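Chemist: quick one, what's the 3D model for this:
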Amino acid sequence: MPMSEQPHLTEVRLLPWRIPWWLVDGLLIGVLLIGTIARPYTDETGHDNVEWLAFAVASVLLLARRRVPVPTLVAALTAMTIVISVTDRPSQLMPVVLIAVYNVAVRYERRIALLAGGLTTLVMLTLVIVRLGNDALTGAALGAIAWPAFAVAAGIGVRTSRENLAAAHERARRAEQARQLEAHRQVIEERLRIARDVHDLVAHHIAVVNVQSGVAGHLLRTDPDGAEAALDTTRQAAATVIDELGELLSVLRAPGDDDPTAPTPNLAAVDDLIASFSASGLLVEHHTSGTTRAMTPSAELAVYRVVQEALTNAHKYGDGTAVVAQTFRDGELEVVVSNPIRDVPASGTNHGLVGMRERVEAVGGTLEIVPNTTDRFVVNAVVPAGDVA
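Modeler: Numbering: from 1, shown residues only. From the prediction side, this is the model:
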């Protein structure tokens, strides 16, 4: 059931079982029938037909009270007044009136319930005074007048209990939906994290395999030694891919959230990363300025991944050269990676660029990926150092 769809109060069960409506109405009509038969009338009263007519009207009103509560109450009060005026004695319509008052109090808000109870009390009080006189306002007569108040109180109490129960069910429904949404969000975030990790771990080395295998094929006949060196680089890159995928799979298979055994890439590993690109044929110019300061592991990992992705793109689409500039400033590190543009990919998913932005923004940094001229591509990331213990 959607969050905005709430059950009607009459559908809320206060008991662990539901009594069929026809059984309840049948029992009430049966009680009225027994009361009508058992009334001590004599043949001289002349009101037997009126009593049986009142019984028929009461039966119809009992069956109609759920569909039209307020008209049923009005009709019951009217019929009761007529019958008492004709017979000059209490009628079996009186309990029907009380049931109708109770039904109105259950179905409608408190203001309407109190109005219905007040009207019923006023009608009964008027009948007692008119038919019996002021001296009759004692004992049973006062008790009869008080019964509508009890019926209204019972109806309001049942309605309030149903409202509280319905509200509790709605809160439970909303809490369950919130848990489902949170679980779905966590699944999506985990998928994005795995996608970023797979891309970061594999993309560079696959690019190396692609480039060096092409070089080996080109040099195979003219320069066997160069082809062998290119194949060695290809084998090393492929072995690295296998190792890193094995690390990732071991983390995915792990039952807990333990960290992988491999160290997390950091700023110190950037030099090794640049060296691996240089070994694969990318000429990288590396500059560092400012006062080096400690950064949080997550910030250093974000910087490492930015450099890795930017150099991978430079290797794939550049002219074989790239510049990496790291500038330490007060509380942050700016990383700029630029390279000439040789080939522009016709299509692609840009998972790497999206992953870079997500990693940088996750640690509170900013990332710009724009060409500063018509033939040069620039990645500019500003990563805060964070609070280092």
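Chemist: make it CA atoms for all contacts and neighbour counts henceforth
Modeler: Noted.
Chemist: in the stretch 51-200 of the chain, which spans are helices?
Modeler: Assigned by DSSP state H, counting those that start in this stretch, the stretch 51-200 of the chain shows helices spanning 69-87, 93-107, 110-132, 140-219.
Chemist: tell me the angle the strand or helix carrying Phe277 makes with helix 140-219.
Modeler: Following DSSP states H and E, the helix or strand that holds Phe277 is helix 268-279. Put simply, helix 268-279 runs at 40 degrees to helix 140-219, going by axes from the mean of the first three to the mean of the last three Cα atoms, to 10 degrees.
Chemist: residues in contact with the helix or strand that contains Gly35?
Modeler: Using DSSP H and E, Gly35 maps to helix 21-38. When contacts are defined by Cα atoms under 8 Å, 6 or more residues apart in numbering, helix 21-38 is touched by residues Glu51, Trp52, Phe55, Ser59, Leu62, Leu63, Gln92.
Chemist: run the angle between the helix or strand where Val303 lies and helix 140-219 for me.
Modeler: Taking DSSP H and E as the definition, Val303 sits inside helix 297-317. Using the same axes, to 10 degrees, the inter-axis angle of helix 297-317 relative to helix 140-219 is 50 degrees.
Chemist: next structured bit after helix 297-317?
Modeler: Past helix 297-317, the next helix or strand by DSSP H and E is strand 321-329.
Chemist: which elements pack onto that following strand?
Modeler: Here strand 321-329 touches strand 283-289, helix 297-317, strand 332-340, going by 3 or more Cα pairs under 8 Å, 6 or more residues apart in numbering; DSSP states H and E.
Chemist: lowest mean pLDDT across these, which one is that?
Modeler: If the helices and strands packed on strand 321-329 are sorted by mean pLDDT, helix 297-317 sits at the bottom with a mean of 86.
Chemist: quick one: that helix to chain centroid distance?
Modeler: 35 Å (Cα atoms, centre = their mean, to the nearest Å).
Chemist: count the neighbours of Gln177 for me.
Modeler: Gln177 sits with 14 neighbouring residues when counted by other Cα atoms under 10 Å.
Chemist: I misspoke; the intended subject was Gln186.
Modeler: Gln186 has 12 nearby residues by other Cα under 10 Å.
Chemist: endpoints of stretch 285-301, how far apart?
Modeler: Terminal residues of stretch 285-301 are spaced 21 Å apart (Cα to Cα, to the nearest Å).
Chemist: now it: how far from the chain's centre is it?
Modeler: Counting by Cα atoms, centre = their mean, stretch 285-301 comes out at 40 Å from the chain centroid.
Chemist: report the buried residues of that stretch.
Modeler: Met295, Thr296, Pro297, Ser298, Ala299, Glu300, Leu301 (16 or more other Cα atoms under 10 Å).
Chemist: mind putting these into TSV with distance to Gly155?
Modeler: TSV is the format used below for the buried residues of stretch 285-301 (distance: Cα to Cα, whole Å):
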residue	distance to Gly155
Met295	67
Thr296	64
Pro297	64
Ser298	62
Ala299	64
Glu300	67
Leu301	66
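Chemist: low-confidence stretches in the stretch 51-200 of the chain?
Modeler: The stretch 51-200 of the chain contains residues with pLDDT under 70 at 131-143, 187, 190, 193-200.
Chemist: one more pass at 80, please.
Modeler: Low-confidence segments of the stretch 51-200 of the chain (pLDDT under 80): 88-90, 128-145, 183-184, 186-200.
Chemist: returning to what we had before: possible to save the helices and strands packed on strand 321-329 as CSV with distance to Val354?
Modeler: Formatted as CSV, the helices and strands packed on strand 321-329 follow (distance: least, Cα to Cα, whole Å):
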stretch, distance to Val354
strand 283-289, 23
helix 297-317, 10
strand 332-340, 16
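Chemist: so which of those gets nearest Val86?
Modeler: Closest to Val86 of these, according to Cα to Cα: helix 297-317, at 91.6 Å.
Chemist: and the closest one, what other elements does it pack with?
Modeler: helix 140-219, helix 268-279, strand 321-329, strand 332-340, helix 351-362, strand 376-384.
Chemist: which outside residues touch the third one?
Modeler: Read it as strand 321-329. Against strand 321-329 from outside (Cα under 8 Å, 6+ apart): 282-293, 307, 311, 314-315, 333-340.
Chemist: also stretch 63-72?
Modeler: Asp25, Leu61, Leu73, Ala100, Asn103, Val104, Arg107.
Chemist: out of these, which is most surrounded?
Modeler: Ala100 (32 neighbours).
Chemist: can I assume it is in contact with Leu77?
Modeler: No. Between Ala100 and Leu77 there is no contact under Cα atoms under 8 Å: 9.4 Å.
Chemist: re earlier: and which of the contacts of helix 21-38 is nearest Ile206?
Modeler: Leu63 (79.0 Å).
Chemist: how close does Leu127 sit to Val70?
Modeler: For Leu127 relative to Val70 (Cα to Cα), the value is 21 Å.
Chemist: Met295: what secondary structure?
Modeler: coil (DSSP: H, G, I helix; E, B strand; the rest coil).
Chemist: which residues touch it?
Modeler: So Met295 contacts Pro384, Ala385, Gly386, Asp387, Val388 (Cα under 8 Å, 6+ apart).
Chemist: which one's more surrounded, Leu127 and Val70?
Modeler: A direct count of neighbours by other Cα under 10 Å for Leu127 and Val70 places Val70 higher, at 21 against 18.
Chemist: separation between that one and Leu115?
Modeler: Distance from Val70 to Leu115, by Cα to Cα: 11 Å.
Chemist: so what touches the helix holding Val303?
Modeler: 200, 203-204, 207, 264-267, 269-270, 273, 277, 282, 320-322, 324, 335, 337-345, 352-353, 356, 359-360, 363, 379, 381, 383-386.
Chemist: now a ChimeraX select for only the buried ones of the residues you listed.
Modeler: Of the contacts of helix 297-317, the buried ones can be selected in ChimeraX as follows, counting by 16+ other Cα under 10 Å:
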select :200,203,204,207,265,266,267,270,273,277,282,320,321,322,324,335,337,338,339,340,341,352,353,356,359,360,363,379,381,383,384,385,386
